[in-house]
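> Build the 3D model from these lines:
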Amino acid sequence: MSKQFPRRTVLRLGALAASVPAVASVLPATAAQGARATAGLATPGTAPRPGWVGPNWSVKPFALNQVTLHDGIFRQKRDRMLNYARNYPGTGGLLDGPDRMLHLFRVNAGLPAPGTWPGGWDTPRHLLRGHFTGHYLTMLAQAYAATGEEIFVDKLDYLVEELGKCQRALDGRELGRVPGRSGRALRLGDPHPNQYVLLPPGILDGVTELTIAVSVNLAAAQTGARIFHFGTRSSSYLSLTAKDGAGPRFAITNLGSGNEQRITSSTEVPVGEWAHLAVTLSATGVGRLYVNGVEAGNGAITLTPAALGQFVHNWIGRSQNTNDPFLNAVVDDFRIYARALDPAEVQALSSDGPSPTPADLLACYRFEDDGETAVDHSVNRRDARIIGTGHPGFLAAFPEGQFIRLEPPTFQSNSGPNAVWAVWYTCHKIMRGLLNAYELTGNEEALDIAFRMSDWAHRRLSPISRADLDAMWNIYSAGEAGSMNEVLAELSALAPDQERKARYLATAKAFTFTTLFDASIAGRDELSGRHANQYMAPNIGYLRIFEQAGDADYHSAARNFWSMVVPHRIFSNGGAGQSEHFRQRGVITSGFTSSSDPRHAETCCAYNMLRLTRNLFFHDQDPAYMDYYEKALHNQILSSRRDVDSVTSTEVTYHQNMWPGRSRKIGNVIEYSRYGGNGSCCNGTGLESHTKYQETIYFRSADESTLYVNLFIASTLTWPDRGFVLTQETAYPTQGTSRLRFDKGQGRLKVRLRVPSWARTGYTVSVNGTRQDLAAAPGTYLTLDRQWTEGDTIDISMPFSFRAEKALNDKAIQSILYGPTLMVVRDGTPSYREFTFFKDLKLNGDLAAAIEPTDVPMHFTTHGYTLAPYYISDPVPGEFNPYHPYVKRIEPEVVFGSIRTGVPNDSIRDEDGETFLDRVWEAAPFANHGQFVRRVVEASGRWQAAGRYTPDQCEAIVAAAARAKGDLEV
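Next comes the predicted model:
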């Protein structure tokens, strides 16, 4: 169980928090273990906790505290987020941050809730409130697991303990009936789970005279909320509105809302008091509306229910119009008579006097019994269904009704007064945070809370058919579920008995997004236009299901999905999406200079793609996974954290604009602080991303025989199981060299070194100063297999070069990269900057021939513009550096150095959109001028054969290439 916090301890810790430095030193693993043992959540000598490890992974990660970051850009960004984790919200108290995260949970559970909330989306009426708390849990767990600093686990344990209190308080909710006007009644609307009553079809078919009477106690004066609605189609219905203007309104129509026949009243229905309402329609064409037995309005009503047709949409407490709120009230004694009661009879009903003769009673609902069935006490036995059942184990910062509205038969969208917005996504973030608290720090209470949430999820979802689940998950935004299948599959593995294991795994499979799942298995790319994160995150859970159930389709779906995104929908910074949606396959830059939506590369997408990529690599060590991982980590994620300190805001981007000449502002919105700088989805994932940079630098094979060096980041690896301590010394990504040194340990070990796909020349490896005779093919791993001893060194050289990365949809639109780093043009002009490079190239093909270094590290000039790393994120407060991630290549003529040919280049392209010079230089580097000329001759032959160039043009091209020897040699 988590620790208790006596008052004096809280005060002591609060004082301690005020004195914590902005950047604390990293504690050794043994110190962290000892501190945790004192808390009763670990035992001395316990091995570091690496988080989840799949049973069938062929490679595995190291624990966060087994990899220590050294000085460099990654540690700088990490330390800024650790500073936030220690000190948020900057008020000085240790538990002020956790209390803010708890505020809305406490309110929802009916507990005292001092203070305020985080802000942004975590505000009292926001439909995603609570998700940020889940990310905050994960941040604290990762921060403690990496550093061993007690301040993080103190905050975490307190937060878990208080969330447990909220869950237990929510278990004590009144989930059944409530006191009524006489006996028991039905509570509709939040915070009660019951949402509305679904009456059977045909209940008013053929009725010519009518009385509907009901007792109601309004919880709020809701304009437009329906007490009842009976409909045959969208334009044909009759309904009673609780408040329309001053008082209630009855309407009937068969020609839509513009042709309603109405009875209105200025007599208000009181709030917080019982009132009796009745509507009568007589054969004489007169309708009457009664409030508390007194006629409050009348009018000519010539339509009868029979004239409307067959009734199929019949509800107490809702309307067919999504712009009308569900009724928030207690309802009792709902009656339908097949005749117009006279005033005396209505008065008798309102005062609990003698009831009219039962022969005319079509239906009568008294709501005495618990459960989903509203028993019809008339002789007709037309029982109704109460929509909305609560279950124990629920934990959220909003009412359970939000989940119910997404379910059948409601399928509520993310708009209107009854809107649902990604409730299962929010649930995932909370459960993921709890699981991380358990897996990374050993907090057993967090696991217990997560188990109980899983039981609750099973009760919610198990009665729902596969078809209805598919309908839920395909609702835009509302159906977004994060990686709920991931946490449920992990909990299945952790469950103490086989019955619960099976139950949780079955619930995980309920989150299979079948539409896209089936397409992915079949290799059909159907991503265009889909909400990226909605369909991206479940793939992480598919891998967990594969690990637990062994169903290879889940692995195939995740792997194929990844291949549909990378590279076909990836910007040069590693991000994806426009306005959070996937674009057509291969469409990267279309619309960049128009008035189209500038919200590109949502940071959450990169977060999810990195998680998916990492997990795929555990099963299949395809180097392409790590090439993408490096691109997205070094560029989008690294750049997403602003280069300023803050303890009040995450300072993490939401979108990253890829338009030319824009900045990390879109309009007047600063993307670091969109939605307040706390509380948005990307603020939340940012808490996680910047406290776990070390998690993928090194992996180990499942049999402990092999070390994978995936990323070149200054760090030290401690590998207790093998007795090794290795330090990686590197200035990467500012220099293309790295040294691995065995500080401790000895023994046989295979060291697999990644050869990035961009490292096309000069990748060499030396062991103890001796260069190794190894083939270093770009986009592979090479292996050193030997007996290692303390002091051994591995030196890796991978010289950086400038290169162009072309947009798939327009090969003339290109990004400039230097090694792994996207280099942006610093300029605010909102159109492409036009660059020409081919005339400057040497035999090595490096764009550096046209680029000059400056006095500032990693800053260069070309064509009169500054090139700067994309990851530098506005370090001067109040300034937002405009940039161009893409430039336009203008290469009008085939030229070699100063030798011109007069042959057009840009205007003639092959079937892939490449020019002649593109095809020549894609073979660079060239060993000598002769090899270059042979390439030109070969390319000329192909272009002449294809009819693109004439024989004379090809002859001129080859002659020019031969004469250009002096210009091309370095």
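> Report the contact partners of His458.
By Cβ atoms under 8 Å, 6 or more residues apart in numbering, the contact set of His458 is 503-504, 506-507. Where you see a C-beta, it was placed from the backbone N, CA and C, and this is true even at glycine.
> Quick check: it is in a helix.
Yes - counting by DSSP: H, G, I helix; E, B strand; the rest coil, His458 is located in a helix.
> For Thr507, see how far away it is.
Separation of His458 from Thr507 (Cβ to Cβ, to the nearest Å): 5 Å.
> coming back round to it: restricted to buried residues, select the contacts of His458 in ChimeraX.
With 16 or more other Cβ atoms under 10 Å as the criterion, this ChimeraX line picks the buried residues out of the contacts of His458:
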select :503,504,507
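> Closest one of the contacts of His458 to Asn418?
Distance ranking of the contacts of His458 against Asn418, using Cβ to Cβ, places Thr507 first at 25.6 Å.
> Was I right to think that closest one contacts Pro463?
No - using Cβ atoms under 8 Å, Thr507 makes no contact with Pro463, being 11.8 Å away.
> list the contacts for the nearest residue to Tyr196 once chain neighbours are set aside?
For Tyr196, ignoring the flanking residues on the chain, the nearest one in space by Cβ to Cβ, 6 or more residues apart in numbering is Gly317 at 3.7 Å. By Cβ under 8 Å, 6+ apart, the contact set of Gly317 is 188-189, 195-197, 225-228, 326-327, 329, 331.
> same question, Trp758
627, 778, 801, 803, 817, 819-820.
> are any of these buried, and which?
Buried members of the contacts of Trp758, scored by 16+ other Cβ under 10 Å, are 627, 801, 803, 817, 819-820.
> which element follows the helix or strand of the chain with the lowest mean pLDDT toward the C-terminus?
Lowest on mean pLDDT, DSSP states H and E among the helices and strands of the chain sits helix 29-38, with a mean of 35. Where DSSP states H and E defines the elements, the next helix or strand beyond helix 29-38 is strand 59-61.
> average pLDDT across that following strand?
Over the span of strand 59-61, the pLDDT mean works out to 97.
> go on, stretch 609-623?
Across stretch 609-623, the average pLDDT comes to 98.
> try stretch 746-755
Stretch 746-755 shows a mean pLDDT of 98.
> for that stretch, which positions count as buried?
Of the residues in stretch 746-755, 749, 751-755 count as buried by neighbour count, 16+ other Cβ under 10 Å.
> quick one, helices of the stretch 451-600 of the chain?
466-473, 484-494, 498-509, 514-522, 532-536, 538-549, 552-565 (DSSP state H, counting those that start in this stretch).
> now the second one, how far from the centre of its chain.
The gap between the average C-alpha position of helix 484-494 and the chain average comes to 18 Å, counting by Cα atoms, centre = their mean, to the nearest Å.
> doesn't Val958 make contact with Val936?
Yes - here Val936 reaches Val958: they are 5.8 Å apart, a contact under Cβ under 8 Å.
> Where does Cys605 sit, in terms of helix or strand?
If you go by DSSP H and E, Cys605 is part of helix 603-619.
> same for the longest helix along the chain, what does it pack against?
Ranked by residue count under DSSP state H, the longest helix found in the chain is helix 150-171. Helix 150-171 sits against helix 7-18, helix 29-38, helix 73-87, helix 96-109, helix 131-147, helix 423-441, helix 444-461, with contacts defined as 3 or more Cβ pairs under 8 Å, 6 or more residues apart in numbering; DSSP states H and E.
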